[in-house]
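J.: Need coordinates for the below:
(one chain, ligands or ions: 1)
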Amino acid sequence: MLPSGFETERLSLRPIAPNDAPAIFAGYAQEPEVVRYLTWRPHQSLVDTEAYIARCLAASPARARTYVLVGRTDSRLIGAFDLRRPEPHRLEFGYVLAQPFWGRGLMTETLTEVARWALATPDIWRIGAVCDVDNLASARVMEKAGLAREGTLRRWLVHPNLSLEPRDCFSYALAH
Ligand SMILES: CC(C)(COP(=O)(O)OP(=O)(O)OC[C@H]1O[C@@H](n2cnc3c(N)ncnc32)[C@H](O)[C@@H]1OP(=O)(O)O)[C@@H](O)C(=O)NCCC(=O)NCCS
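T.: Next comes the predicted model:
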C-alpha cells in the first residue's frame, strides 16, 4: 500500500477526492501554460476534471496513488503529485503546481520528502521520472531533490500541447 499522505515543512499531501474537482479545474487544469509539458490537454470543463479524478481513484492504492498538495496553514489546494509502483522495487512519479506558486521551492520540498520516504522503505530501490527535454524547471526540481540524470529517452512521450510527434525525454532517478 502506498502511504495515505506525506507532510513537508509547508505542505500536506493527501489522496485526491471527488470534491477536489472545482479547485483543480480553477487552479491549474485548464491553464495551457501549466500543462504545456504534460501528456494531457487543458481541461475544457469541470467534467474533464471529474473524469480525471475518477481515473485516479480507480487505481489500486497499492500500485498508484494521486495526492493533492495543500498548504499546511490555509489548506488551499495548489497542485498534485502522482506516485506509481509499477513493480514492487521501484516508484515512478509526476507532479504539477498551480502557476502562482511556481518558483518557491515547493515541488523540490515535496519530491525531497517523497524520495526520502521511498529510499527509507524496505524493498523500494529506486524512484524516478521522465520529463520533456525542454522542461527545464522540472529537470531542475529533480536535480535539486537529489535525482541523477540517467540519459535521454529518444521519442519517449507524446506531449500533445507541443507536438503530436513523440518527444525526447530525460530520465531521472534516485536509487541505492
Ligand atoms: C515543474 C514544476 C512542478 C516546478 O515546481 P516549483 O515548485 O516551481 O519548482 P521549485 O521552485 O522547487 O524549483 C524550480 C527550479 O527550476 C528553475 N527554473 C524554473 N523555470 C526555469 C527555466 N525556464 N529554465 C531554467 N530553470 C528554470 C528555478 O529557477 C528553480 O531552480 P533554482 O532553485 O535553482 O533557481 C512547476 O513549474 C509546474 O507545475 N510546471 C508545470 C507542470 C509540469 O511541467 N510538471 C512536470 C512534468 S515532468
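J.: residues in contact with A62?
T.: For A62, the contact set (C-beta atoms under 8 Å, 6 or more residues apart in numbering) comprises M1, L2, R85. Yep, even glycine has a C-beta here, placed from its N, CA and C like the rest.
J.: Helix or strand: which one has the last one?
T.: Take DSSP states H and E as the rule and R85 turns out to sit in strand 77-87.
J.: and which of the contacts of A62 is nearest to the ligand?
T.: R85 (18.3 Å; C-beta to the nearest ligand atom).
J.: The most centrally placed residue in the chain: which element?
T.: When C-alpha atoms, centre = their mean is applied to the chain, the residue found nearest the centroid is Y95 (1.8 Å). Y95 belongs to strand 90-97 when assigned by DSSP H and E.
J.: ok, and what's touching that strand?
T.: So strand 90-97 is contacted by 28, 34-35, 38, 69, 78-86, 106-107, 110-111, 114, 118, 124-129, 138, 141 (C-beta under 8 Å, 6+ apart).
J.: For PyMOL, write the selection for the buried entries among those.
T.: A single PyMOL command is used to select the members of these judged buried by 16 or more other C-beta atoms under 10 Å:
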select buried, resi 28+34+35+38+69+78+79+80+81+82+83+84+85+106+107+110+111+114+118+124+125+127+128+129+138+141
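J.: near the ligand too, which of the contacts of strand 90-97?
T.: Contacts with the ligand within the contacts of strand 90-97, as defined by C-beta under 6 Å from any ligand atom: V34, L38, L106, M107, S138, V141.
J.: For the last one, give its distance to T121.
T.: I take that to be V141. 21 Å (C-beta to C-beta, to the nearest Å).
J.: same question, the second one
T.: Taking C-beta to C-beta as the measure, L38 and T121 are separated by 27 Å.
J.: repeat for the first one
T.: Plainly put, V34 is 30 Å away from T121 if you go by C-beta to C-beta.
J.: returning to what we had before: among the contacts of A62, find me the one that's closest to L162.
T.: The nearest member of those to L162, counting by C-beta to C-beta, is R85 at 28.4 Å.
J.: Can you tell me which residues in this protein are near the ligand?
T.: Residues of the chain lying near the ligand by C-beta under 6 Å from any ligand atom: 34, 37-38, 94-97, 102-108, 131, 135-138, 140-141.
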